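# Pasted the sequence and its predicted model underneath.
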Amino acid sequence: MSEEKQSGSWWKTLPGIITGTATLLTAIGGLIMTLHQTGIIGNGSQQPGQNESVTNETSANVNPITSEGETWGIKLPAYVILDSAWKDKKEAQKRLVTLSHRGYSNSGYFWIPDFEFLSGAELFQVYIGPFKQRNDAINALCAYEARFDTTTYGIKLSNEPGREEIHC
């Protein structure tokens, strides 16, 4: 083999080795973060209906809301855009990862029975938000519907009697 071919090999150069190592570490970190966010590793063993709070910085886009008030600096009442509902919390968390990859870092879920004035269905509701102002929620809802070519609605989460829906 000629000396010219050997010296042209990228894996034998210091920049190639550094780039390859950085790429591998980034991929491993992303995999660990995804597995943790979906509950496959880490704090994924809570039972439905337990009030939850996320304290790990790697899962900051998972914003569970509870009926007891404040979550992530948002006090109830708050508006949310409804995305999908799941029987299994891990499936809801997987949907959050998908939304995050699509640019919705302000997404989360809640356990529907925690809110007296909702349907009571034993499901984890995935949402976009929360939004403090109704108009902000409506604008985000219209953008969401246009992006996914779908129709959905939003609701006002509150401990007060009644149900307020928002539509685009």
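Thanks, I have the structure now. Given the structure is predicted, the values throughout are model-derived calculations rather than measurements.

# Now do the same contact list for Ile19.
Just so we're on the same page, residue 19 is Thr rather than Ile. By CB atoms under 8 Å, 6 or more residues apart in numbering, the contact list for Thr19 is empty. C-beta: built from backbone N, CA, C; applies to glycine.

# quick one: it from Ile28, how far?
15 Å (CB to CB, to the nearest Å).

# again, but for Ala22
Taken as CB to CB, the span from Ala22 to Ile28 is 11 Å.

# go on, Ile18?
Counting by CB to CB, the gap from Ile18 to Ile28 is 16 Å.

# which residues of the protein score low on pLDDT?
Confidence mapping of the chain against pLDDT under 70 gives the ranges 1-12, 14, 16, 27, 29-74.

# just the helices in it please.
Applying DSSP state H to the chain gives helices spanning 3-7, 14-37, 89-101, 134-148.

# so which of those helices gets nearest Phe115?
helix 89-101 (15.5 Å; CB to CB).

# Which strands or helices does that closest one pack on?
helix 14-37, strand 78-86, strand 107-111, strand 124-131 (3 or more CB pairs under 8 Å, 6 or more residues apart in numbering; DSSP states H and E).

# which parts of the last one are buried?
What it means is strand 124-131. Across strand 124-131, burial judged by 16 or more other CB atoms under 10 Å covers 124-131.

# follow-up on the earlier one: I'd like the helices of the chain written out as TSV, with distance to Arg163 added.
Converted to TSV, the helices of the chain look like this (distance: least, CB to CB, whole Å):
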stretch	distance to Arg163
helix 3-7	71
helix 14-37	30
helix 89-101	21
helix 134-148	14
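
# Ok, which of those comes nearest Trp111?
Here helix 89-101 is closest among the helices of the chain (CB to CB), at 8.3 Å.

# Can I get the helices and strands packed on helix 89-101 in TSV including distance to Arg147?
Converted to TSV, the helices and strands packed on helix 89-101 look like this (distance: least, CB to CB, whole Å):
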stretch	distance to Arg147
helix 14-37	22
strand 78-86	11
strand 107-111	13
strand 124-131	11
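
# Of these, which is nearest Lys156?
Nearest of the helices and strands packed on helix 89-101 (CB to CB): strand 78-86, 5.4 Å.

# Pairing partners for that closest one, with directions?
Strand 78-86 has its sheet partners listed here by DSSP bridges as strand 124-131 (antiparallel), strand 154-157 (antiparallel).

# Outside of it itself, list whatever touches it.
By CB under 8 Å, 6+ apart, strand 78-86 touches 65, 92, 95, 99, 107, 110, 112, 121, 123-134, 136-137, 140-141, 144, 152-157, 166.

# Now with 6 Å, please.
Contact with strand 78-86 is made by 92, 95, 123-131, 134, 137, 140-141, 144, 152, 154, 156-157, as judged by CB atoms under 6 Å, 6 or more residues apart in numbering.
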